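Engineer: Build me a structure from this.
(one chain, ligands or ions: 1)
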Amino acid sequence: MMVLYSGETCPFSHRCRFVLFEKWMDFEIHNVDLKNKTKEIFTMNPHGQVPILSERNLILYESNIINEYIDERFPHPQLMPADPLTRARVRLFLYNFEKELFSQVKIIENQSIGENDKKVNEAKENIRERLIQMSPIFLKNKFLLGDDFSMLDIAIAPLLWRLEYYGISLSKNAAPLQKYAERIFSRSAYIESLSPAEKLMRR
Ligand SMILES: N[C@@H](CCC(=O)N[C@@H](CS)C(=O)NCC(=O)O)C(=O)O
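Structural biologist: Sure, this is the predicted structure:
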């Protein structure tokens, strides 16, 4: 059986929990206390980070790599597009999400209280600007790829869920993006994927 080592408030682990629940297969989630990481975590991932997926003699880390593996192993519903061209475009999008958005999420997640406020505020502003830029896509599109829910929606959802918690407020211009976020949050797999601590992040 697949075991996901997951952080209760970790946005990257949240992505993998979301995929696992979309597939409705058998799996276990082991919560990892990131302040007291065991040797076992470092044995599985030399970088000492979650999420980590373990299945028989396979050990994987990096949320997007884990998610593609789960998608290929359990193809229904398929979250990566079937044709190579769109699949390549999705991978490029995923890469840019990490570079432009989740690099900034990491700055916010890793802040210590009172430390380097300027960097954290810049990170919040960068996220805000990028999301406002993306918003018009959802005047036409139901999801990032069009009508079909995909891996891209999974990858960005944990950030959209945390906006209020991170203290990022979007302008009224971003209403289409906010409606898109609600569309994701209403999915039953999404609701199931939330940890108790994540449930408290949004009112
Ligand atoms: N690029 C990684 C990021 C994973 C990550 O940053 N995980 C954080 C928790 S949200 C972590 O394990 N931090 C503990 C540490 O770095 O010591 C992924 O996508 O899986």
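Engineer: Contact residues of the chain facing the ligand?
Structural biologist: 7, 10, 12, 34, 48, 49, 50, 51, 62, 63, 109 (CB under 6 Å from any ligand atom). (Glycine included, C-beta is placed from N, CA and C.)
Engineer: so of these, which ones are in strands?
Structural biologist: With DSSP state E as the criterion, strands contain none of the residues of the chain next to the ligand.
Engineer: Quick one: buried ones out of the residues you listed?
Structural biologist: 7, 10, 12, 49, 50, 51, 62, 63, 109 (16 or more other CB atoms under 10 Å).
Engineer: tell me the least confident of those residues?
Structural biologist: In terms of pLDDT, the weakest of those is residue 109, which scores 94.
Engineer: Against residue 98, how distant is residue 60?
Structural biologist: 17 Å (CB to CB, to the nearest Å).
Engineer: Compare these two and say which is more crowded by neighbours.
Structural biologist: residue 60 (21 against 17; other CB atoms under 10 Å).
Engineer: For the more buried one, give me its contacts.
Structural biologist: 52, 53, 54, 66, 69 (CB atoms under 8 Å, 6 or more residues apart in numbering).
Engineer: List buried members of those by neighbour count.
Structural biologist: Using 16+ other CB under 10 Å, the buried ones in the contacts of residue 60 are 52, 53, 54, 66, 69.
Engineer: From those, which land in strands?
Structural biologist: Per DSSP E, those map to strands at 52, 53, 54.
Engineer: JSON lines for those residues, including pLDDT?
Structural biologist: Shown next, in JSON lines, are these (pLDDT from 0 to 100):
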{"residue": "52", "pLDDT": "98"}
{"residue": "53", "pLDDT": "98"}
{"residue": "54", "pLDDT": "98"}
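Engineer: circling back: just give me the closest of the residues of the chain next to the ligand to residue 1.
Structural biologist: residue 51 (16.0 Å; CB to CB).
Engineer: That closest one is in contact with residue 10, isn't it?
Structural biologist: Yes: assessed by CB atoms under 8 Å, residue 51 is found in contact with residue 10 at 7.1 Å.
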